[in-house]
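Asks: Just need the structure, nothing else, for what follows:
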Amino acid sequence: MQQLMRCLLITFLMLCSSTGNAAQWLDELDLKQYRNQVVYLDFWASWCIPCRKSFPWLNEMQAKYQEQGLVIIGINLDRDIKTAKRFLNVYPADFLLYSDPKGAFAKQYKVAAMPSSYLISGDGRVIESHIGFKKSEQLLYEANIKKLLKKNNKIEEAKP
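Replies: Now for the predicted structure:
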């Protein structure tokens, strides 16, 4: 009986702590750990209307290109993480997330509007950036990701 109660308690706690999506929240963010990978940083907030449109696309890109070395990290700028998690219940994220309530990363990248996205090469350089999210530009965004992944993978193959 005691073991059954323990099992029920563990199941209950797991259900309560779930955000209802596959997102993984990072405790800390050090982009150096993603060397030799292409990183797509996306700054977002729960109040951002275009962010609602970008999340399905970001999920698609993560699924499509993660095997080739793409890492998408959504950096949330809400002051209260509960607000961000409520957003994620409606607009789930299948990519890494980081909470930046004080805006330290936003300052570092000089974020001017939401969403703002930065495509970062395997050696840590910002190659592309854009403000906002336009469905009409999705093919261009994806082409830039593919181009950088191809270049990054060629560099990796050339290393001894």
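Asks: Tell me the strands beside the helix or strand containing S129, with direction?
Replies: Applying DSSP states H and E as the criterion places S129 in strand 126-131. Sheet pairing of strand 126-131 (DSSP bridges) gives strand 116-120 (antiparallel).
Asks: Ends of stretch 68-79, what's the gap?
Replies: Taking C-alpha to C-alpha, to the nearest Å, the first and last residues of stretch 68-79 lie 34 Å apart.
Asks: Okay, buried residues for it please.
Replies: Taking 16 or more other C-beta atoms under 10 Å as the neighbour-count basis, stretch 68-79 is seen to contain the buried residues G69, L70, V71, I72, I73, G74, I75, N76, L77, D78. To be clear about C-beta, it is placed using only N, CA and C from the backbone, and glycine gets the same treatment.
Asks: As a markdown table, the residues you listed with secondary structure would be great.
Replies: As requested, the buried residues of stretch 68-79 are exported to a markdown table (DSSP: H, G, I helix; E, B strand; the rest coil):
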| residue | secondary structure |
| --- | --- |
| G69 | coil |
| L70 | strand |
| V71 | strand |
| I72 | strand |
| I73 | strand |
| G74 | strand |
| I75 | strand |
| N76 | strand |
| L77 | coil |
| D78 | coil |
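Asks: And the furthest pair within those residues?
Replies: The most widely separated members of the buried residues of stretch 68-79, counting by C-beta to C-beta, are G69 and D78 (29.1 Å).
Asks: If you average the pLDDT over the helix or strand that the strand holding S129 is followed by, what comes out?
Replies: Per DSSP H and E, strand 126-131 leads on to helix 138-158 as the next helix or strand towards the C-terminus. For helix 138-158, the per-residue pLDDT values average out at 88.
Asks: Which residues belonging to helix 138-158 are considered buried?
Replies: Across helix 138-158, burial judged by 16+ other C-beta under 10 Å covers Y141, N144, I145, K146, L148, L149, N152.
Asks: now it and strand 116-120, what's the angle there?
Replies: Helix 138-158 runs at 20 degrees relative to strand 116-120, counting by axes from the mean of the first three to the mean of the last three C-alpha atoms, to 10 degrees.
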